[in-house]
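J.: the sequence and its predicted three-dimensional model are supplied below.
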Amino acid sequence: MKAAKDDPCLCALRSFFAERFLLTRDSLGLTQMEFALDLGIDRRSYLDIEHRKNLCCAVTLLAYLCYFCDDPLGILNECRRILDKHLNVLRSPLR
């Protein structure tokens, strides 16, 4: 089953990543086009992330974590906090 666009978990993740990408881009003094190219995506896809329309794909997330994030574990912990708030994971071996 596909999640709805207004799913609270997806909304929270879109907001989180939109803010992170914008803060990173601003701190580096990059344009949207420059940051999009560095992440390996087109400008339209980047705009959709920054404007909270879409989440990034796994490859874009990995590029961000590997090349632009000074605290990848902190990002993953924040994602887990968001997921914990919205999902009821019962069978994780990490719980």
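T.: Perfect, thanks for sending it.
J.: which intervals of this protein have sub-threshold pLDDT?
T.: When residues are selected by pLDDT under 70, those of the chain lie in 1-3, 95.
J.: ok, longest helix in the chain?
T.: helix 8-28 (DSSP state H).
J.: just the helices in this structure please.
T.: Using DSSP H, helices in the chain cover 8-28, 32-39, 43-50, 58-67, 72-86.
J.: any chance of those helices in a markdown table, plus distance to S92?
T.: In short, each C-beta sits where N, CA and C put it, glycine included. Converted to a markdown table, the helices of the chain look like this (distance: least, Cβ to Cβ, whole Å):
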| stretch | distance to S92 |
| --- | --- |
| helix 8-28 | 16 |
| helix 32-39 | 29 |
| helix 43-50 | 27 |
| helix 58-67 | 19 |
| helix 72-86 | 10 |
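J.: centroid residue for this structure?
T.: By Cα atoms, centre = their mean, the chain has its centre lying nearest to F17, at 3.4 Å.
J.: need the contact list for that one.
T.: 49, 55-56 (Cβ atoms under 8 Å, 6 or more residues apart in numbering).
J.: for the nearest residue to I82 once chain neighbours are set aside, what are its contacts?
T.: Nearest residue to I82 in three dimensions, chain neighbours excluded: A12, at 4.7 Å (Cβ to Cβ, 6 or more residues apart in numbering). Shown in contact with A12 (Cβ under 8 Å, 6+ apart): 82, 85-86.
J.: let's see if you can find the most crowded of those.
T.: Greatest neighbour count in the contacts of A12, by other Cβ atoms under 10 Å, goes to I82: 18 neighbours.
J.: my guess is that one contacts R14, does it?
T.: No. When contacts are counted by Cβ atoms under 8 Å, I82 is not listed as touching R14 (10.3 Å).
J.: how long is stretch 78-92 end to end?
T.: 18 Å (Cα to Cα, to the nearest Å).
J.: residues contacting that stretch, please?
T.: 7-9, 12-13, 16, 95.
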